[in-house]
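Undergrad: Quick one, what's the 3D model for this:
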Amino acid sequence: MKFKFVFILLFLAAPLWSQEAERKIKITKKYVNLPIQRSQDRLEMKLSVNGKDSRKFVIRLSEDQTDYWVFHDVSSYNGQVLTITYPKTVHGLDEIYQSDHIAGADSLYQEKNRPQFHFTSKRGWNNDPNGLVYYDGEYHLFYQHNPYEANWENMHWGHAISTDLVHWIEQGDKLYPDELGTMFSGSAVVDFNNSANFQKGPEKTIVAAYTAHKRLSDSDAIQTQCIAYSNDKGRSWTKYEGNPVVDSKAKWNSAHTRDPKVFWHKETNKWIMVLFEKTGQSIYNSDDLKNWTFQSHLLGFWECPELFELAVDGDENIKKWVIYGASGTYMIGDFDGKEFKVASGKHRYVSGKLYAAQTYNNIPESDGRRIQMGWGQIEHPNMPFTQMMVFPTELTLRSTRNGIRLFSEPIDEIELLHKKSYKWNNLTLEEANANLKQLNGDLFHIKMEVEILNGTGFQFHYHGNPLVNYDMNRNLFNESFYPGDKSGLTKTVELLVDRTSVEIFVDKGGFTIVSPLETAKNNDGLEFYQGRSNLTEPIKVHHLEVYELKSIWNNELITDEGGK
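TA: Modelled structure (predicted):
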């Protein structure tokens, strides 16, 4: 009897221990703003309207201090009561407020460590670019996004649109986690022939292929491939009711089956999916984007596959295919719609903080470029956001003394950001440095051609830190091995310098280095560095071209929240 009495007391008391905290808000504004404390554990927040779950996600809701704010768009609930539940009572629950502006809107895009010509999300974490596709005058950038914290979690597909690949307008999150899992990486195509039968009006359908990631344990997960479609130029999305369209976990006995890259192969009149599976990249075919047939598997790559064809040296009569993975190593070969046959590789065209790059589908034939964007793994300490997209580049194949190789150079649209320009020729190190003292600002596009006269290399510094460190003796650029295309003592280098990053393009795109910009050691600005060397005339600067750059956020289309 005694044990029964104790059990009853425990049973009655249990709800008091586990009771969730709850807050109700009648929605009359566009956003609810949520306070975040970095030191708090993640707990699951649930949003519901009329008793039905709307969203759920993990968040570090503040308890005794607020480090930064994030937001959630609640405009679709206007006039209704939103119920917010959280596993425990914290001060931050009471601090949540609604507004037509996000918290910090007055300083949005002007924050101290905000990149000024690279895309970053308003708030939260971003990583891989997803769904790069062009349609009807707009370039779409979808991306891996955690809107609720400046760390990886809660994977959504964020969305931004540009008409020039330079100025971006954020559109909000488009793909949300569901019963199949969180939204991992993928791609998008324009279904011009309505092969999937999703089109309902005059607009052609954009179809996204993505991975749904369902975590089973710390070491196991189910990753399946799904599709969603949009009939309004990517503004709203519907997930296909027959998802998933590929489930290959059992085939590979692996939790790693993800990141579908889809494109149209006109030679075989088929849709192609390149999918990372366990040890490399698999090829699938489809007629309708819904039913997929496995064709082949190529070993040696990890994550985020890409496959595309390029003319060699601009000759449309000589073409080769390129396949790569997330790390930037690639192979060159031939592709018949079912199998990639390797001719050479693996090669490397990039080093540093570039990962999971993807190229645009559906670029008009009148343009003809293969345009790439990638995840810039650059931290932004003490900001309400982190990570970025590298500046878009054009990819080409060129003949070199080592064979056909992939080159990557900034797209011509960088010129849209040029402000004051400076050009000099035939300079000594001292003359070049004297001219560089004229520069203003902290955003630069720089081109140089440097010849080594004495010694085995040269350095180019910014505020006391080396941006370029070339060691000819060991064939190293910034400690990364690069053999070069040509022997000789002259190197061409192009740089993009933003507030938190530097991108370096050697030998007209033969090798790319993406690096974080280090904290300034002095105020010396840009300069060629001689160091302790007593060598006379260590270098000759044959050509030096510098452009001060404008911010992409100083645009009349951008409001205080980055919208139209």
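
Undergrad: where does the closest residue to residue 33 other than its chain neighbours land in three-state SS?
TA: Leaving aside its sequence neighbours, residue 33 sits nearest to residue 103 (C-beta to C-beta, 6 or more residues apart in numbering; 4.3 Å). C-beta coordinates here come from the backbone N, C-alpha and C atoms, glycine included. Following DSSP: H, G, I helix; E, B strand; the rest coil, we place residue 103 in the coil state.

Undergrad: what's the burial count for residue 103?
TA: Per other C-beta atoms under 10 Å, the neighbour tally for residue 103 reads 19.

Undergrad: show me what contacts it?
TA: Residues near residue 103 by C-beta atoms under 8 Å, 6 or more residues apart in numbering: 33, 69, 71.

Undergrad: Kindly reformat those as CSV containing distance to residue 341, neighbour count and secondary structure.
TA: As requested, the contacts of residue 103 are arranged in CSV below (distance: C-beta to C-beta, whole Å; neighbours: other C-beta atoms under 10 Å; DSSP: H, G, I helix; E, B strand; the rest coil):
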residue, distance to residue 341, neighbour count, secondary structure
33, 54, 20, strand
69, 53, 18, strand
71, 50, 24, strand
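
Undergrad: Which one of those residues is nearest to residue 413?
TA: residue 71 (30.2 Å; C-beta to C-beta).

Undergrad: got any ranges where this protein has weak pLDDT?
TA: 1-18, 531-535, 555-564 (pLDDT under 70).

Undergrad: So which residues of it form helices?
TA: Under the criterion DSSP state H, helices of the chain are mapped to 2-18, 91-95, 249-252, 429-436.

Undergrad: how far is the second one from where the chain is centred?
TA: Counting by C-alpha atoms, centre = their mean, to the nearest Å, helix 91-95 is centred 32 Å from the centre of its parent chain.

Undergrad: now do the shortest one
TA: Centroid separation between helix 249-252 and its chain, computed with C-alpha atoms, centre = their mean, is 28 Å.

Undergrad: May I have that helix as PDB, with CA atoms only?
TA: The C-alpha coordinates for helix 249-252 follow below in PDB (Å, rounded to 0.1, in the frame of the first residue of the first chain):
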ATOM      1  CA  LYS A 249      20.400   3.300 -48.500                       C
ATOM      2  CA  ALA A 250      19.800  -0.500 -48.700                       C
ATOM      3  CA  LYS A 251      21.600  -0.800 -52.100                       C
ATOM      4  CA  TRP A 252      24.800   0.800 -50.600                       C
END
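
Undergrad: Summarise which helices and strands that helix is packed against.
TA: Judged by 3 or more C-beta pairs under 8 Å, 6 or more residues apart in numbering; DSSP states H and E, the packing partners of helix 249-252 are strand 221-230.

Undergrad: got the CA coordinates for the strand it packs on in CSV?
TA: C-alpha atoms of strand 221-230 as CSV (Å, rounded to 0.1, in the frame of the first residue of the first chain):
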residue,chain,number,x,y,z
ALA,A,221,20.7,8.3,-40.9
ILE,A,222,18.3,7.8,-43.8
GLN,A,223,19.1,10.0,-46.8
THR,A,224,16.6,10.0,-49.6
GLN,A,225,16.2,12.0,-52.7
CYS,A,226,13.1,14.1,-53.2
ILE,A,227,11.7,16.7,-55.5
ALA,A,228,9.6,19.9,-55.2
TYR,A,229,8.2,22.2,-57.8
SER,A,230,7.4,25.9,-58.3
